[in-house]
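# Pasted the sequence and its predicted model underneath.
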Amino acid sequence: MSLDDLKTAVAKVVGVKQTAKALQKQTASAVYIAADAEERITAPIKAECENQNVDCLVVESMQALGKACGIHAGASAAAILKH
């Protein structure tokens, strides 16, 4: 699991709220979290990944995660969706 997987994913969501929704609906196959995002924002997502046994990769920065998602802003979290 790498950022390249996120770049080439057919279906993905970007942002904390959308990632949390994907986890809630159990449609996330992999989750990416920015290392420089606030812990209070990302902690619930990390915990839910552990509960559901979903791979969770920490990316070096919000800027790198946003770029991998194809947006010009930074992103705290993103997820690849199941087919």
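Nice, I can see it. The structure displayed is predicted, hence computed values, not measured ones.
# drop to CA atoms for contacts and neighbour counts, all remaining ones
Noted.
# Grab the longest helix from the chain for me.
Assignment by DSSP state H gives helix 39-52 as the longest helix of the chain.
# Mind giving me the packing neighbours of that one?
In terms of contacts (3 or more Cα pairs under 8 Å, 6 or more residues apart in numbering; DSSP states H and E), helix 39-52 is packed against helix 16-24, strand 55-59.
# residues in contact with the shortest one?
Think strand 55-59. 1-3, 29-35, 46, 49, 65 (Cα atoms under 8 Å, 6 or more residues apart in numbering).
# closest one to residue 8 among the helices and strands packed on helix 39-52?
Using Cα to Cα as the measure, strand 55-59 is the one of those that comes nearest residue 8, at 15.9 Å.
# Distance from the chain centre to that closest one, please.
7 Å (Cα atoms, centre = their mean, to the nearest Å).
# Check which residues of the lowest-mean-pLDDT helix or strand in the chain are buried.
Here the helix or strand of the chain ranked lowest by mean pLDDT, DSSP states H and E is helix 3-8, holding a mean of 88. Buried residues in helix 3-8, counted by 16 or more other Cα atoms under 10 Å: 3, 6.
# Need the per-residue pLDDT for residue 26.
Looking at residue 26, its pLDDT is 95.
# And for it, the neighbour number?
Neighbour count for residue 26, taken as other Cα atoms under 10 Å: 14.
# ditto for residue 22
Using other Cα under 10 Å, residue 22 is surrounded by 21 other residues.
# ok, now residue 1?
Neighbours around residue 1, by other Cα under 10 Å: 11.
# For it, which residues are in contact?
residue 57.
# how far away is it from residue 63?
To residue 63, residue 1 is 19 Å away according to Cα to Cα, to the nearest Å.
# Dump the helices and strands packed on helix 39-52 into CSV; add distance to residue 70 as well.
CSV is the format used below for the helices and strands packed on helix 39-52 (distance: least, Cα to Cα, whole Å):
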stretch, distance to residue 70
helix 16-24, 16
strand 55-59, 15
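# closest to residue 78 out of those?
Of all these, helix 16-24 comes closest under Cα to Cα, at 5.7 Å.
# helices or strands up against the helix or strand following the closest one?
Per DSSP states H and E, the first helix or strand lying C-terminal to helix 16-24 is strand 28-34. Here strand 28-34 touches helix 16-24, strand 55-59, helix 62-68, strand 77-81, going by 3+ Cα pairs under 8 Å, 6+ apart.
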